[in-house]
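Novice: coordinates for the following, if possible.
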Amino acid sequence: MNRVHFIAIGGSAMHNLAIALHQKGCSVTGSDDEIFEPSRSRLDRLGLMPDQLGWHPEDITSDIEAVILGMHARADNPELKRAQELGIPVFSYPAFFYEQTKDKTRVVIGGSHGKTTITSMIVHVLRKCNVEFDYLVGAQLDGFDCMVRLSTKSKVAVIEGDEYLASTLQSVPKFHLYKPDIALISGIAWDHINVFKTFESYVDQFRIFIQCIEPGGKLIYCAEDVEVRKLAEEPEVKDAKVAYGIPPHRIENGVTVLETSQGDVTLEVFGKHNLQNLEGARHVCHQLGIGDKEFYLAIATFHGAAKRLEKLAEHGARVVFKDFAHSPSKLTATVQAVREQFPDRKLTACMELHTYSSLSEGFLDQYTGTMDQADNAIVFYDPHAVELKRLPPIPLERIKRAFGRDDLRVLTDPIEVMGGVREGTADKAVLLMMSSGNFGGLDQQALAEAFIA
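Specialist: Predicted structure coming up:
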């Protein structure tokens, strides 16, 4: 394909796919009404940044072979309408990625939590083992300049399978479009309530995902997740199945050690959820021909995807992590992981209510008990974010009641967060910052350095 145009090029996956096609030799153009960092700098560096923001239907010409439509673009987008008038094929990015990889072995990682980390682990191991492969990952990894790759040489594609909708024209979950040969489901916990109004309708999306597995394919699933196990064990599921859980391990002086058939393996990641993720990744790699010896040797050097228990600063017995956790299940697992890894340190956990689900009155009670294992618990939300999502204001007492902690501090000013996380700090302390946002523009690196000082 020689010429491709992206409508809403600034999205995380969209701009990475644009870069991947550019690197493959395609002529790539794009448009958007707003583009934030790091997308802006990365597109600009390669000459892919639009000359001006906004939608410009006059730029849609008949020599364009495909238009890729981002979820941010609406059905009445003027560029989209022009493409339709000219009969140019329009794809969502997952549909386009499938078209580019349909002759390859596709590994699709799904789940409400853990999918980015599992995908990143697989990508890390395959690279260490010198395997040629395509990939689509949602987080930045060290050593990778782009989180999408498409090549003519590879026979394998590793895909993070998001359950959110593909585009305004293709209102189905993205992971329904990849048609996996090897599928993995890490866990199911209600999310995206603006689209899936009930837990049952949300679970149904994973049932359909299983039905999308190609004939003769494999389903790898976390048997320790009740909902996943129920789905995998339904009589209608005829695919070959591989169950996994938490592998044997121990914690020594704040470091997790795997106990394997190949001997002890010291890890740079920690937490039961990460151990589950690792075990799922191991089974996928086994299906791709990577033996345990090679897998453990490679995984020992994996230190996580960006924003997944990412260490920001450490000095002496003080350490600061940031994590993408925002849903109740992710929050619980992340706080528990840090608590178990550092049982003798005072743990301050600070999370931001940022997503549509987390800021919705009908969903708030899902957070009950999620921060109970923290010594100090802080919840931040930006009133401006609530306005942008067109949701009613949330009384601070309502948030405190939802989390079920009388001592919970609810803050709406980023400056207050800077001071709040340092109050009552002990010599041996851990700070855990959790959000899919940015705490109202807070400089988290500066906060981390102040915490450990």
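
Novice: in the protein, which spans are helices?
Specialist: Under the criterion DSSP state H, the chain contains helices at 12-24, 39-45, 78-86, 93-101, 115-128, 199-211, 226-232, 272-287, 292-299, 328-341, 383-388, 396-403, 414-420, 444-452.

Novice: give me the neighbour count for the closest residue to Ala189 other than its chain neighbours.
Specialist: Using Cβ to Cβ, 6 or more residues apart in numbering and skipping the chain neighbours, the partner closest in space to Ala189 is Ser329 (3.5 Å). For glycine as for every other residue, the C-beta is placed from the backbone atoms N, C-alpha and C. By the other Cβ atoms under 10 Å criterion, the neighbourhood of Ser329 contains 21 residues.

Novice: check contacts around Ser329.
Specialist: With Cβ atoms under 8 Å, 6 or more residues apart in numbering as the criterion, the residues that contact Ser329 are Ser112, His113, Gly187, Ala189.

Novice: if we can go back for a sec, please identify the most buried of the helices of the chain.
Specialist: Compared across the helices of the chain, helix 115-128 shows the largest average neighbour count, a mean of 25 (mean count of other Cβ atoms under 10 Å).

Novice: now do it: everything it contacts.
Specialist: Helix 115-128 is touched from outside by 107, 109, 111, 133, 135, 137-139, 141, 143-144, 156, 158-162, 184, 186, 274, 277-278, 280-281, 284-285, 288, 290, 294-295, 297-299, 301-302, 304-305, 308, 324, with contacts defined as Cβ under 8 Å, 6+ apart.

Novice: hmm, try it at 7 Å
Specialist: Residues outside helix 115-128 that contact it (Cβ atoms under 7 Å, 6 or more residues apart in numbering): 107, 109, 133, 135, 137-139, 141, 158, 160-161, 184, 186, 274, 277-278, 280-281, 284-285, 290, 295, 298-299, 302, 305, 308.

Novice: now do the contacts for Val319.
Specialist: By Cβ under 7 Å, 6+ apart, the contact set of Val319 is Lys311, Val430.

Novice: and it, bridged to which residues?
Specialist: With beta bridges defined as DSSP bridges, Val319 has these partners: Glu314, Val430.

Novice: which of the contacts of Ser329 lies closest to Ala429?
Specialist: His113 (26.1 Å; Cβ to Cβ).

Novice: where does this protein dip in pLDDT?
Specialist: With pLDDT under 70 as the threshold, the chain has low-confidence stretches at 306.

Novice: tell me, what residue is most central in it?
Specialist: By Cα atoms, centre = their mean, the chain has its centre lying nearest to Thr116, at 4.4 Å.

Novice: so how far is Gly161 from that residue?
Specialist: 11 Å (Cβ to Cβ, to the nearest Å).

Novice: quick one: the strands in the stretch 51-200 of the chain?
Specialist: In order along the chain, the stretch 51-200 of the chain carries the following strands (DSSP state E, counting those that start in this stretch): 66-69, 90-92, 105-110, 134-136, 148-149, 156-160, 182-185.

Novice: gap between Phe209 and Gly110?
Specialist: Using Cβ to Cβ, one gets 5 Å for the distance from Phe209 to Gly110.

Novice: where do the contact lists of these two overlap?
Specialist: With Cβ under 7 Å, 6+ apart applied, the overlap between the contact sets of Phe209 and Gly110 consists of Phe175, Ala183.

Novice: quick one on the thing from earlier: JSON lines for the strands of the stretch 51-200 of the chain, including mean neighbour count and distance to Glu423?
Specialist: Shown next, in JSON lines, are the strands of the stretch 51-200 of the chain (neighbours: other Cβ atoms under 10 Å; distance: least, Cβ to Cβ, whole Å):
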{"stretch": "strand 66-69", "mean neighbour count": "24", "distance to Glu423": "47"}
{"stretch": "strand 90-92", "mean neighbour count": "21", "distance to Glu423": "46"}
{"stretch": "strand 105-110", "mean neighbour count": "27", "distance to Glu423": "39"}
{"stretch": "strand 134-136", "mean neighbour count": "26", "distance to Glu423": "42"}
{"stretch": "strand 148-149", "mean neighbour count": "23", "distance to Glu423": "43"}
{"stretch": "strand 156-160", "mean neighbour count": "25", "distance to Glu423": "38"}
{"stretch": "strand 182-185", "mean neighbour count": "28", "distance to Glu423": "41"}
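
Novice: how is the protein divided into domains?
Specialist: Following automatic domain parsing, one finds the domains of the chain at 3-88, 95-299, 310-452.
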